[in-house]
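Asks: turn this into a structure:
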Amino acid sequence: MIFLKRSAPAVQIAPERTGIIFIVEDNPMYAKALESSIRASFPEMAQVKTFPVGETCLLDLRRNPDVIIIDYFLDSKYDDAETGLEIIRQIRDEKPDVNIIVLSSQSEIDVVVEAVEKYNCSYVKKDEEAFYKVEMLIANMY
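Replies: I've put the predicted structure just below:
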């Protein structure tokens, strides 16, 4: 008689959390308010770092953020800045598993659908409940 040993099922090992959140937002007042809101809600976070354009965020991806919150329109101060969607594409190329939240006033449904479906992002519309919604998404990610 031959006995076959069943191998144990593969276990998915979650990547180690860094406690780092990136905010990519070209409106400095909005970025600071969001940063303050996140710090108040998640005091255990190691760092919340803001970037005025996506290109500077890309340079710091080696820090392995757990969450990146990014605006779609990133060219209000720097005309040649890439859009949030282009930055998301580059982030996904380098860090395919990072949690990304698109926080934008974007009203074109095609852009929203592309971010959510193609790039596996969450989307939050900038409105009076935006910070609360972002905090709920972060809480669910942890």
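
Asks: can you name the next helix or strand after the helix or strand harbouring residue 48?
Replies: Using DSSP states H and E, residue 48 sits in strand 47-51. Sequence order places helix 54-59 as the next helix or strand after strand 47-51, per DSSP H and E.

Asks: can you list the low-confidence ranges for this protein?
Replies: Applying pLDDT under 70 to the chain flags the ranges 1-15, 75-79, 107, 111.

Asks: where do the helices sit along it?
Replies: 28-41, 54-59, 84-94, 109-113, 130-141 (DSSP state H).

Asks: out of those, nearest to residue 66?
Replies: Ranking the helices of the chain by proximity to residue 66 (CB to CB) places helix 130-141 first, at 7.0 Å. Using the backbone N, CA and C atoms, a C-beta is placed for each residue, glycine as well.

Asks: can you put the helices of the chain in TSV and add mean neighbour count?
Replies: Listed next are the helices of the chain as TSV, based on neighbours: other CB atoms under 10 Å:
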stretch	mean neighbour count
helix 28-41	15
helix 54-59	18
helix 84-94	18
helix 109-113	12
helix 130-141	16
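
Asks: I'd like those laid out as CSV, including distance to residue 100.
Replies: Below are these laid out as CSV (distance: least, CB to CB, whole Å):
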stretch, distance to residue 100
helix 28-41, 15
helix 54-59, 11
helix 84-94, 6
helix 109-113, 13
helix 130-141, 10
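
Asks: what sits up against stretch 82-91?
Replies: With contacts defined as CB atoms under 8 Å, 6 or more residues apart in numbering, stretch 82-91 is touched by 24, 53-55, 57-58, 61, 68, 70-75, 98, 100, 102, 104, 111, 114-115, 119, 121.

Asks: 10 Å - rerun?
Replies: Residues outside stretch 82-91 that contact it (CB atoms under 10 Å, 6 or more residues apart in numbering) are 22, 24-26, 51, 53-55, 57-58, 61, 65, 68, 70-75, 81, 98, 100, 102-104, 106, 111, 114-115, 118-121.

Asks: of these, buried ones?
Replies: Buried by 16 or more other CB atoms under 10 Å: 22, 24-26, 51, 53-55, 57-58, 65, 68, 70-72, 74, 81, 98, 100, 102-104, 106, 111, 114-115, 121, out of the contacts of stretch 82-91.
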